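*Asks:* sequence first, then the predicted structure, then my questions.
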Amino acid sequence: MADPIIIAVPKGRILEEALPLLEKAGIVPEAAFADPDSRALRFATNRADISLIRVRAFDVATFVAHGAAQLGLVGSDVLMEFDYSEIYAPVDLDIGHCRVSVAEPVAMAAGDDPREWSHVRVATKYPHLTKRHFEARGVQAECVKLNGAMEIAPVLGLAGRIVDLVSSGRTLKENGLVEVEVIAQVSTRLIVNRAAFKTRAAIIGPLVEAFRRAVEVRDAA
Ligand SMILES: Nc1ncnc2c1ncn2[C@@H]1O[C@H](COP(=O)(O)OP(=O)(O)OP(=O)(O)O)[C@@H](O)[C@H]1O
Ligand SMILES: O=P(O)(O)OC[C@H]1O[C@H](OP(=O)(O)OP(=O)(O)O)[C@H](O)[C@@H]1O
């Protein structure tokens, strides 16, 4: 038998929303996959030709871009940050909704007009996306790369502003920050390695269609 198709799925919040979609697409993982205490990284499914790996959100794109996994589920924030040409993103799964935004301390925002910025120092997990966004509007952005807890950076003087994900706005509020500019809306996408999409079309084509239908069926319910 040919090597199984590997689907990379991020641990964390997307996993919970993705499980029902996977099942609607006909892929039922072994029980340990949904168990946060499991230390396993690779999981069998009801289909002998498909296994799942559970990795960090940013790494989903890396595994798929290099062809180590053929498919993946990943936020459009991650795709915008890496901009991998090897990745094709055919289906918006309509889960994991949030936005990437610029935020700053409440006191700073009171007298601030984003249209007047010429240089900004930003703490973020998304330096490429941030630089591209500001360059496009003629602002020079100096980025300090963090891997989480960006919201604490302004009060400690690490950077005046942050670029991070916002959903309810609660994290910003509890850290004395306000959203001053929305860079992009985010949702989770099904991604496919472009080369694998051609060489293993007989299995990947129907899988992509199964995900597309799963989203339609869920949204119609
Ligand atoms: N507050 C949110 N609301 C909705 N979706 C979100 C939110 N935060 C993150 N996401 C989506 O979920 C993805 C994974 O985010 P999550 O916070 O689970 O990862 P993480 O904990 O930062 O990752 P890591 O495993 O690298 O620590 C993000 O890339 C984004 O697409
Ligand atoms: O607007 P809110 O609803 O408060 O959501 C925004 C928060 O959610 C995400 O963090 P997450 O909870 O995933 O924590 P982490 O990035 O530290 O893992 C994001 O990085 C923000 O901190």
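*Replies:* Yes, it's here. For clarity, every value in this text was computed on a predicted model and none was experimentally measured. Ligands and ions are numbered 1, 2, ... in the order given.

*Asks:* which strands or helices does the lengthiest strand in the chain pack on?
*Replies:* Secondary structure of the chain per DSSP state E: the longest strand is strand 177-186. Applying 3 or more C-beta pairs under 8 Å, 6 or more residues apart in numbering; DSSP states H and E, we find strand 177-186 packed against helix 76-82, strand 98-105, helix 106-110, helix 127-136, strand 161-166. In short, each C-beta sits where N, CA and C put it, glycine included.

*Asks:* what residues are up against the residue in the chain that ligand 1 sits nearest to?
*Replies:* Nearest residue of the chain to ligand 1 (C-beta to the nearest ligand atom) works out as Gly75 at 1.9 Å. By C-beta atoms under 8 Å, 6 or more residues apart in numbering, the contact list for Gly75 reads 10, 14, 57, 96, 98, 186-189.

*Asks:* of the residues you listed, which is the most crowded?
*Replies:* For the contacts of Gly75, the largest neighbour count, defined by other C-beta atoms under 10 Å, is 27 neighbours, found at Thr188.

*Asks:* re the thing from before, distance check, the residue of the chain closest to ligand 1 against ligand 2.
*Replies:* 10 Å (C-beta to the nearest ligand atom, to the nearest Å).

*Asks:* tell me the residues of this protein that contact ligand 2?
*Replies:* The chain comes close to ligand 2 at residues 148-149, 164-171, as judged by C-beta under 6 Å from any ligand atom.

*Asks:* so how many other residues sit close to Asp94?
*Replies:* For Asp94, the neighbour count with other C-beta under 10 Å is 15.

*Asks:* kindly state the domain boundaries assigned to this protein.
*Replies:* 5-96+187-220, 98-186 (automatic domain parsing).

*Asks:* TSV for the contacts of Gly75, including pLDDT and distance to ligand 1?
*Replies:* Output for these, formatted as TSV (pLDDT from 0 to 100; distance: C-beta to the nearest ligand atom, whole Å):
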residue	pLDDT	distance to ligand 1
Pro10	95	5
Ile14	92	5
Ala57	95	4
Gly96	97	4
Cys98	98	4
Val186	98	5
Ser187	98	8
Thr188	98	6
Arg189	98	9
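
*Asks:* among the residues of the chain next to ligand 2, which ones are buried?
*Replies:* Those of the residues of the chain next to ligand 2 that meet the buried threshold are 164-166, 171, by 16 or more other C-beta atoms under 10 Å.

*Asks:* distance to Leu207 and pLDDT added to these, as JSON lines?
*Replies:* Shown next, in JSON lines, are these (distance: C-beta to C-beta, whole Å; pLDDT from 0 to 100):
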{"residue": "Asp164", "distance to Leu207": "33", "pLDDT": "98"}
{"residue": "Leu165", "distance to Leu207": "28", "pLDDT": "98"}
{"residue": "Val166", "distance to Leu207": "32", "pLDDT": "98"}
{"residue": "Thr171", "distance to Leu207": "35", "pLDDT": "98"}
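
*Asks:* so which of the helices and strands packed on strand 177-186 is the most surrounded?
*Replies:* strand 161-166 (a mean of 23; mean count of other C-beta atoms under 10 Å).
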